[in-house]
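S.K.: Sequence below, structure please.
(one chain, ligands or ions: 1)
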Amino acid sequence: MNQPLAPALANEDWGWHGENGLSRVINVSGTMTGLGASRAHPEVAAATGAAMGHFVRIHELQAKASKVIAALTGAEAGCMTASASAGITLSVAGCITGLDPARAEALPRNPGPKSEIVVQMGHLCGYGAPISTAIELAGGTVRMVGQSTLAMDHQLRGALGPNTAAALYVVSHHVVHYGQIPFPRFVEICHAAGVPVIVDAASEYDLRGFIAAGADLAIYSAHKFMGGPTGGIIAGKRDRVRAAYLQNIAIGRGFKIGKESVAGAIKAMERWLVRDHAAARAAERAALEMWQQDLTGIPGFTVRIMPDPTGNPLDRLQIDVDPAVAGTTAAAITRHLAGLDPAIIARDHEVELNYFQLDPCNLAPDQAEIVSRTLSEVLRDAARIPAWPTDIHGPRNGGIDAYLGWLTNA
Ligand SMILES: *Cc1c(COP(=O)(O)O)cnc(C)c1O
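M.R.: Here you go, the predicted structure:
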């Protein structure tokens, strides 16, 4: 099978924006909630739409999802919820209550004493919301291990006890990348104490490794690289998954996933199993090489292809800015790009270090060329983009200003 990188049509995409009076966006940032996560393949969109016209027994549909999740991950079972964040909350809740519906109904107010969730301090990240919130929504109490850049085996061992409900391991570019306990060791120590391990692998391409290495529950986003409708995938040991699913009688209600999203996610998972990953990667590579070629040699900028920090099979183009030569900053440039039409949204979460990145994995056809042309014009003339001291506050504050500004000047 030889699939294009981005099968949905860019032209139709722009039509949709026009019809709805929405501004046009080229996403070279990543799978971002604030940009609508990902673009679905037409088959996924069709499967999502097809479900809308029918009644279904939801348990049956979720059992079908369980089979597909099992095939995809190698886990015994799986279920779906509203998002990966919801998946963390329901997994934590399930580890607190087990299969006792009365205990599930008592959450989050009365989790009982065995409700501590052990997490390395360097893993207590934010992905748009604090991960501690996802734990606390279930009535869990965060039990931190180690310091921000160092967690040691004895510290983990010492944190596990009769009040431990689970341990949570986070795999993400958002977490500290050194000094943390490696996953196999983490599992070994937790299992020796009889503590189940939950893995937040929301954005990881490796759907099998954590389960194979002993994770009791692993959580993925359906709407990230898989390109499904918004949803969270929980995979793991059968009774742990059942306990997470049981939470739908209480706290899970607010994280409800609909039939259409389960049906669409099933299609996205089935496609992922047979997708031509090498072809997709080659298309991403072609975009990166075009960008690198077109943007190399512009004074004030150094470009290089960088691997994904968590080892996903995905590279990005990094553009380092030397403000003394470029006459402006990385933050000013990404602000400028975001103000164009179509807006070009670059990866700017470390922009205070004076670099930004271009992520090729969400491009529609022709967009790689638009990005290359635009960037090479903008960078050559970058000294004309005024740098404001406030530029870094927006990216650094994670979009809070946009939330606070929403509906205030409409
Ligand atoms: C994206 C992400 C989440 C949240 O995923 P949603 O499905 O959007 O709720 C949680 N953890 C990590 C590591 C992520 O990358």
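
S.K.: could you say what helices and strands the helix or strand where Ala265 lies packs with?
M.R.: If you go by DSSP states H and E, Ala265 is part of helix 259-274. Using 3 or more C-beta pairs under 8 Å, 6 or more residues apart in numbering; DSSP states H and E as the contact definition, the elements that helix 259-274 packs against are helix 42-51, helix 58-73, strand 77-81. Bear in mind the C-beta positions are built from the backbone N, C-alpha and C, glycine included.

S.K.: Counting by contacts, list what the last one packs against.
M.R.: Using 3+ C-beta pairs under 8 Å, 6+ apart as the contact test, the elements touching strand 77-81 are helix 58-73, strand 232-236, helix 238-246, helix 259-274.

S.K.: Of all the helices and strands packed on helix 259-274, which one is nearest the ligand?
M.R.: Among the helices and strands packed on helix 259-274, strand 77-81 comes nearest to the ligand, with 9.3 Å by C-beta to the nearest ligand atom.

S.K.: Now do that closest one against strand 232-236: the angle between them, please.
M.R.: For strand 77-81 against strand 232-236, the angle between stretch directions is 160 degrees (axes from the mean of the first three to the mean of the last three C-alpha atoms, to 10 degrees).

S.K.: Residues contacting strand 77-81, please?
M.R.: 62, 65-66, 68-70, 87, 90, 222, 231-238, 241-242, 244-245, 252, 255-257, 261-262, 265 (C-beta atoms under 8 Å, 6 or more residues apart in numbering).

S.K.: Export the helix or strand that contains Ala283 to PDB, keeping only CA atoms.
M.R.: Applying DSSP H and E as the criterion places Ala283 in helix 277-295. Extracted in PDB, the C-alpha atoms of helix 277-295 (Å, rounded to 0.1, in the frame of the first residue of the first chain):
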ATOM      1  CA  HIS A 277       4.500   3.500   8.100                       C
ATOM      2  CA  ALA A 278       7.600   3.600   5.900                       C
ATOM      3  CA  ALA A 279       5.800   5.600   3.200                       C
ATOM      4  CA  ALA A 280       4.500   8.100   5.700                       C
ATOM      5  CA  ARG A 281       8.000   8.500   7.200                       C
ATOM      6  CA  ALA A 282       9.500   9.000   3.700                       C
ATOM      7  CA  ALA A 283       6.900  11.800   3.000                       C
ATOM      8  CA  GLU A 284       7.800  13.500   6.300                       C
ATOM      9  CA  ARG A 285      11.500  13.100   5.400                       C
ATOM     10  CA  ALA A 286      10.900  14.700   2.000                       C
ATOM     11  CA  ALA A 287       9.300  17.700   3.700                       C
ATOM     12  CA  LEU A 288      12.100  18.000   6.200                       C
ATOM     13  CA  GLU A 289      14.800  17.900   3.500                       C
ATOM     14  CA  MET A 290      13.000  20.500   1.400                       C
ATOM     15  CA  TRP A 291      12.800  22.800   4.400                       C
ATOM     16  CA  GLN A 292      16.400  22.100   5.300                       C
ATOM     17  CA  GLN A 293      17.600  22.900   1.800                       C
ATOM     18  CA  ASP A 294      15.500  26.000   1.400                       C
ATOM     19  CA  LEU A 295      16.400  27.500   4.800                       C
END
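
S.K.: Check the offset of the helix or strand just after it from the chain's centre.
M.R.: The first helix or strand that comes after helix 277-295 along the chain, using DSSP H and E, is strand 301-307. Mean-position distance between strand 301-307 and its chain equals 23 Å (C-alpha atoms, centre = their mean, to the nearest Å).

S.K.: Fine by me, we can end here.
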